[in-house]
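> when you get a sec, could you give me coordinates for this:
(chains A and B)
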Amino acid sequence: MLIGIDVGGTTTDAVLIEGDRVVRTSYVPTDHDNLLSCLLGALDKLVEGTDPKKIERVVLSTTLITNMIAEGKTDPVALMLIPGPGANPKDYHLGLDPIVLDGAVDYRGREIQKLNENQIKLASTSVASKGIQKVAVVGKFGQRNHAQEIQAKEIISKIAPGLKVEMGHQVSGQLNFPRRAATTMLTIATKDHYRQFVEQMTKALTQRKILSPVYILKADGGTLPLDKSVQMPVETIFSGPAASIMGVMALTEPGKTSVVVDIGGTTTDLALILDGKPLLSSKGAKVESLLTHVRAFAVKSVAIGGDSAVNLANDCIAVGPGRMGPALCMGGPGPTPTDAMRVLGLSTIGDASLAEKAMADLGNKIGKTSHEAAQMVIDSVVEKIVSEVDQMFLEWEQEPAYRVWEIMKKETLSAQNVVGVGGAAPPLVPLVAKKLGARAVVPEYAPVANAIGAAVARPTMTLNLRIDTEQGKYYVAEDGLSGKVSGKKMDLEQAEEMARKLLVERSERLGIGEYAKEAVVTHSEIFNMIRGWSTVGRLLDVRMEIPAGILPSWGRGC
Amino acid sequence: MAANKTGLIFFPAFDWAISPTHPEREERLLYTRDQIFEEGLMDLPEIEEYKPRLATAKDIARVHFCVPDVEAQITEAHLIAAGSVLTLADALEKKDIRNGFALVRPPGHHSMTVVHGNRGFCNINNMAILVEYLRTRYGHKRLAIVDTDVHHGDGTQDIFWHDPDVLYISFHQDGRTLYPGSGFTNETGGPRALGRTLNIPLPPGTTDEGIHFVLDNFILPVLKEFKPDLVLNSAGQDNHYTDPLANMRFSAQGYAKLSEKLAPDIAVLEGGYAIETALPYVNTGIIQAMAGLDYSHVMEPDFVPGRFTQSPDMVREIESTVQELQEIWDNRDLLVENALAEHGEFYRRRKRVFYDTDMINESQEESVRLCDDCAGYTTIESKAQRGYGMLNNVFCISIPRHACKSCKADARALFEEHKEDHRFDFVYMQDKSSDKYRGYNVRTRNEKNY
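Predicted coordinates:
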C-alpha cells in the first residue's frame, strides 16, 4: 500500500492507496508551527488498523522550507562570491551584501585570476566574529572548475573550523551565477533545520513500525528518498502545487493538454500540462524575492478566489485582489464570489438568504437585480482566469530559442481539458472550460488530488554533462563531479552514452536506481572549436532527465 | 509596462554557418552565451528578453533587389536575424522598452541595394531593413545610423547614399589596410545627400582614446545637430585588440562606454570574430551600458588600463581627419546646392562590386532623377559575372516614398518597357510609394509580387 501526505495551507491531507484504488483518506487542520505533528496526525488517522508491514511506500509533501523562508526563520548566512570580470555583484538582487573575493574562472573553466589567501582569511575571521556560522562560497563558472571554491573552503575551515561551508558547484551546475548564489545560500540556511525534521520524521515512523522507503516530493513533481534529501532541502519548496499537478496527472487521461485550475479562498493557482507533460518554469523557481535554480513546475498564482472581496469601481464590478474575510453567506463582512455562486445556484455552500442579500445590495448600487449582479461577479472571475490562462500559453510560445529549427517549428497548443481541484473549482471550472473551448474535468477524488499526487509520483532526476575535448575534461553539473576524457573527436552519440552511464551512477547514489531506465535525453548540442582553420576540439553538452511521472502500479492516468 | 527596460534578442543561430571553418560559424556566440547567461543578465529587472519573429520577404524587398528573388538569397537564419531587429522596433514603438539590442547573426552591413550573393559574410542588410520598416510602419522620417564595426559598412552606405534623411556615420580601420577597401572621407553621399554620409577612416592600432576622441568631438555633436528621430547602431565588435581579422586596439570598456555615450535606440550586432577573447566581454559591457547598469567590472583577463597608447602621429592623423569631416558637415547644404547646379535632370554613377564570399563581380550603372518635386526615382542596371560565366543581367527601378506623379508615371513606364527588353534576365520594381514590390522574369514572363 502507498501513502501520500500533503501539507496544505489549511488542511493536511493523506491518502492510502492499494493498487489503483484509494482505500482511505484522512485530514487534520494544518498547524504551521508544528508540521511534524500534522503529518503524523494525518498519518495516524489514516493507518489506524492497517498492518504497518503492508505499507510499501510513504511520500510526504511539506511546506517546511517554504514557510521557513517566508517567515525569515532561516539561519544567517555570509555569502562569499568569486565573481571575476562581468557584472558588479551589487547589481545582483541577493538580499544581502556579499563579500567579494579576488580570483576568477572563465567560461571554459580556466583560472584567470588567483585567489587571495589573506583576503579569505580576513573575511573568515570577520564572519566568525559576527557570530555567523554558515558560509556560502560561490564562484562565477565555478561549475566548470571547482578548484577555487574548494580551495576557499579549505582556507575558511582552517581559520574558522566552526563555520559550515556550502559550495556553489555542489548545489547547481546550471549557467546563472546569481541564481546559483541564491540557491546555495538558501541551501545552507535551511539544511540544519531540515535535517532535524528528517531525523524526527524517521524516528516517528520507526516508532510506528513503518519501515518502508520514505520519500519527499520536490517542486518538479518528483520524489527523492527522505535521507538523501538533506543534501538539497530547497528542492522541496512548492511541493504543494507540485502534488496537485501530479494528482491531476494521476486522475486524468494521459497525453492531453490540460490547464490545472486550483481555486482556493484568495488565490487561484494555474498550471499547464502540455501533451501530457507538466510545464516546468524555464529557468527555476522564484523563492520570495530570490531567483533560484530549483526546478519547479510553472505555476501562476492569480489573486482571485472564492473569498475575494467584490468592489465597485465606476459602476463596474471588480473582484479581488484583497480579501475582507469569509463570504457574507458564511458570516463574513461583504460580498464575494462564493455569495454569487450561491445566488446562481452553482453551489450550496452557506446561507442562501445572506448570499441573496449580498448580491441584492451590490445590484442596487448599479441598478441590477441580485441575479444579474451575481452573474457579473462570476463573469469577472471567469474572465480573469481565462485571460491568465491565455497569457500562460502565450508566454510558453514566446520562450526565447537559440537555434533556427527551434524558431521555425512554431508550436501552438490550446487546452483540451480544464481540470479543477480545490474548493471553489467544481462550480467555476465548467465556465472557464466553456470560454476556453475545452472540456471541464473535475476528477472523482479532486479534494485529495494533492495527496494522491504525492502518493503515486515517481522519482525525477536531471543530469547535465559538459565535455570539453580540447581541454580533455568533463563536468557533471548536478553534483560537482568532473574528470578527464581522451580523444578530441568525441561525437554526440558517445557523449549521450557517457551521460547515461553517469546518470545511472548518480541515480544509484540517490537511491532511485530502478528508475534510471526512464531517463531521456532532453537536450544535446555539439560545437566544433575552430582556431585558425583547423578543429582543435569539441564542446558537447548533454542534458538527460528522468521526467515527472506516475508509478506504473497506479493503473489510471499514466 | 513602463518603458524603462532594455529589450534584448539573443539569437546565436547555433545551427547555422557559412561553412564549417568560416568565422561566421555556429561557435561564434557560444562563449558569449555562456558569459551572459552566467551573469544572469536576462533575469535583471532592467532587461527584457524577446523571442524573434521572422522578417517577411516584403520587409527585405523594401530594401533590396535580390537576384533572382528574395527566397534565393536568404536562409531561415537571415529571416530570424532581420526579424529580431523588427521585433525590437515594434517593442520600442509600443514603448515596452526604452532601447534594444539585437545580439544576432548573421550580420548585414556589407549587403548593398542589389544582392547577387554573399559579400563580407552578409546577404541582407538587417540595419537597412530596420530603417525602411521604421519609416513604412511607423512614419519616421529622420534616422541616424552609426556604424561602429571595424569594417566600413559599404552596404548600408550604398543603400542610403542618395537619402538626405538618413545620416550614415561610420568609423572603421582605414580602407587601404582592410576589407572592403572603401570608406574614405571623400565618400559623402549622392548630390542630394552630400554630407549625410560621413566616413571616418582610422589608422590601424587606434585605441579607446582615439575612438572616443572621434565620438566626443565629431559624432555626438553631429548627431545633436541632425536631430534624428532615432539613433541606430551597427554594433560590430571587431575593433577589439584581439580580433583576428583586423588591427585595432579597442577594449570591452571602450565599447561599453561608447554604447553609453551614443545611447542608441536600437543596436544591431554586425561583425566581431574574437569569439573567446573579446565577444563575451564586449557583449556583456554593451548590454550593461544600454541597460544603465554598472559595466566597470567588465574586463578582459589580460587587459590593464593604459595598456595601449597612440603615437603622436596617430593622434594628429585622427585629429586632421575629424577636422576635414567637420568642414564637410558644416558646408553640407552648400555642397548640395552646388552639386544640384552642376548636374542635369539625371545623376549617373558607375561602380563595380566584388562579392568576396561568393566570388562574384558585379558592374552597375545607377541613375537618379534629380526631381524638383520629390526625391526622384532611381534605376540600376546591374550585370553579375562569376569567373568567366555570366550570372544575371538585371534592371531595377525604385520609386521613393512621397514620389511625385511624374516620377511615378515615368518609373512605371520604364518597368513595362524593360519587361520586353531581352538584354535583361530580370526586371524589378520597388515601389515604396505604395509599398509594393515586383520582380519580373523576362524569359519565363513570370512575375513575383511582394
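> close to chain B: what parts of the stretch 201-350 of chain A are there?
Within the stretch 201-350 of chain A, the positions adjacent to chain B are A:283, A:291 by CB under 8 Å from any CB of the partner chain. Bear in mind the C-beta positions are built from the backbone N, C-alpha and C, glycine included.
> now with 7 Å?
Residues of the stretch 201-350 of chain A found near chain B (CB under 7 Å from any CB of the partner chain) are residue A:291.
> how about the stretch 401-550 of chain A?
So far as CB under 7 Å from any CB goes, the stretch 401-550 of chain A lies against chain B at A:401-405, A:407-408, A:525, A:527-530, A:533.
> of those residues, select the buried ones using a ChimeraX command.
Here is the ChimeraX command that selects the buried residues among those (16 or more other CB atoms under 10 Å in any protein chain shown):
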select /A:401,403,404,407,525,527,528,529,530
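> among the residues of the stretch 401-550 of chain A next to chain B, which lie within strands?
A:525, A:527-530 (DSSP state E).
> with pLDDT as extra columns, can I get the residues you listed in JSON lines?
What follows is those, written out as JSON lines (pLDDT from 0 to 100):
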{"residue": "A:525", "pLDDT": "93"}
{"residue": "A:527", "pLDDT": "96"}
{"residue": "A:528", "pLDDT": "94"}
{"residue": "A:529", "pLDDT": "94"}
{"residue": "A:530", "pLDDT": "93"}
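> residues in contact with the closest residue to residue A:334 other than its chain neighbours?
If the residues on either side of it in the chain are set aside, residue A:334 comes closest to residue A:324, at 4.8 Å by CB to CB, 6 or more residues apart in numbering or on different chains. Neighbour list for residue A:324: A:309, A:332-334 [criterion: CB atoms under 7 Å, 6 or more residues apart in numbering or on different chains].
> could you check how far residue A:324 is from residue B:127?
Separation of residue A:324 from residue B:127 (CB to CB, to the nearest Å) stands at 56 Å.
> on that earlier part again, now list the buried members of the contacts of residue A:324.
Buried members of the contacts of residue A:324, counted by 16+ other CB under 10 Å: A:309, A:332, A:334.
> which one of those is nearest residue B:97?
Taking CB to CB as the measure, residue B:97 lies nearest residue A:309 of those, at 34.9 Å.
> now do the phi/psi pair for that closest one.
Backbone torsions of residue A:309, given as degrees, to the nearest 10, read phi -70, psi 140.
> ok, the residue lying closest to it once chain neighbours are set aside to residue A:374 distance?
In space, and not counting its chain neighbours, residue A:309 is closest to residue A:324: 4.5 Å by CB to CB, 6+ apart. In this view, residue A:324 and residue A:374 are 17 Å apart by CB to CB.
> just residue A:41 next, same as before
39 Å.
> between the two, which has more neighbouring residues?
residue A:374 (29 against 20; other CB atoms under 10 Å in any protein chain shown).
> now do the same contact list for that one.
Residue A:374 touches A:340, A:343-344, A:359, counting by CB under 7 Å, 6+ apart.
> between these, which sits nearest residue B:142?
Nearest member of the contacts of residue A:374 to residue B:142, counting by CB to CB, is residue A:340, at 56.0 Å.
> just give me the neighbour total for that closest one.
Neighbour number of residue A:340 under other CB under 10 Å is 33.
> run through who's touching the helix or strand where it lies.
Taking DSSP states H and E as the definition, residue A:340 sits inside helix A:337-343. For helix A:337-343, contacts defined as CB under 7 Å, 6+ apart pick out A:306-308, A:319, A:327-330, A:347, A:349-350, A:352, A:355-356, A:358-359, A:370-371, A:374, A:377-378, A:381, A:427.
> ok, 6 Å please
When contacts are defined by CB atoms under 6 Å, 6 or more residues apart in numbering or on different chains, helix A:337-343 is touched by residues A:306, A:327-329, A:347, A:350, A:355-356, A:358-359, A:370, A:374, A:377-378, A:381, A:427.
> kindly state the pLDDT recorded for residue 406?
You didn't say which chain, so I picked chain A. Per-residue pLDDT puts residue A:406 at 89.
> the chain in question should be chain B.
For residue B:406, the model assigns a pLDDT of 97.
> and it, how far from residue B:438?
20 Å.
> so those two - more neighbours on which side?
With neighbours defined as other CB under 10 Å, residue B:406 and residue B:438 compare such that residue B:438 has more, 17 against 14.
> can you confirm that one is in a strand?
Yes - checked against DSSP: H, G, I helix; E, B strand; the rest coil, residue B:438 lies within a strand.
> which residues in the stretch 251-400 of chain A form strands?
Using DSSP state E, counting those that start in this stretch, the strands found in the stretch 251-400 of chain A span residues A:258-263, A:268-274, A:277-278, A:286-287, A:290-291, A:300-302, A:308-313, A:316-323.
> now do the same contact list for the residue lying closest to residue A:10 once chain neighbours are set aside.
Excluding the flanking residues, the one nearest residue A:10 by CB to CB, 6+ apart is residue A:30, at 6.0 Å. Contacts of residue A:30 were listed using CB under 6 Å, 6+ apart, and they are A:7, A:11-12, A:38.
> just for the stretch 101-250 of chain A, where's the confidence low?
Applying pLDDT under 70 to the stretch 101-250 of chain A picks out no residues at all.
> that one: helices as residue ranges?
Under the criterion DSSP state H, counting those that start in this stretch, the stretch 101-250 of chain A contains helices at A:117-129, A:147-159, A:168-171, A:177-207, A:239-251.
> do you know which of these lies nearest residue B:375?
Of the helices of the stretch 101-250 of chain A, nearest to residue B:375 by CB to CB is helix A:177-207, at 51.1 Å.
> residues in contact with the closest residue to residue B:407 other than its chain neighbours?
Sequence neighbours aside, residue B:377 is the residue nearest to residue B:407 in space, at 4.6 Å (criterion: CB to CB, 6+ apart). Going by CB under 6 Å, 6+ apart, residue B:377 touches B:369, B:399, B:407, B:411.
> partners of the strand or helix carrying residue B:267, with directions?
According to DSSP H and E, residue B:267 maps onto strand B:266-269. Next to strand B:266-269 in the sheet, as set by DSSP bridges, lie strand B:99-104 (parallel), strand B:230-235 (parallel).
> check the separation of the first and last residues in stretch A:411-428.
29 Å (CA to CA, to the nearest Å).
> now that stretch, how far from the centre of its chain.
Taking CA atoms, centre = their mean, to the nearest Å, one finds stretch A:411-428 lying 20 Å from the centre of the chain it belongs to.
> hmm, who's touching it?
Contacts of stretch A:411-428 (CB under 6 Å, 6+ apart): A:244, A:248, A:252, A:256-264, A:274, A:306, A:341, A:346-347, A:429, A:432-433, A:436, A:438-442, A:446, A:449.
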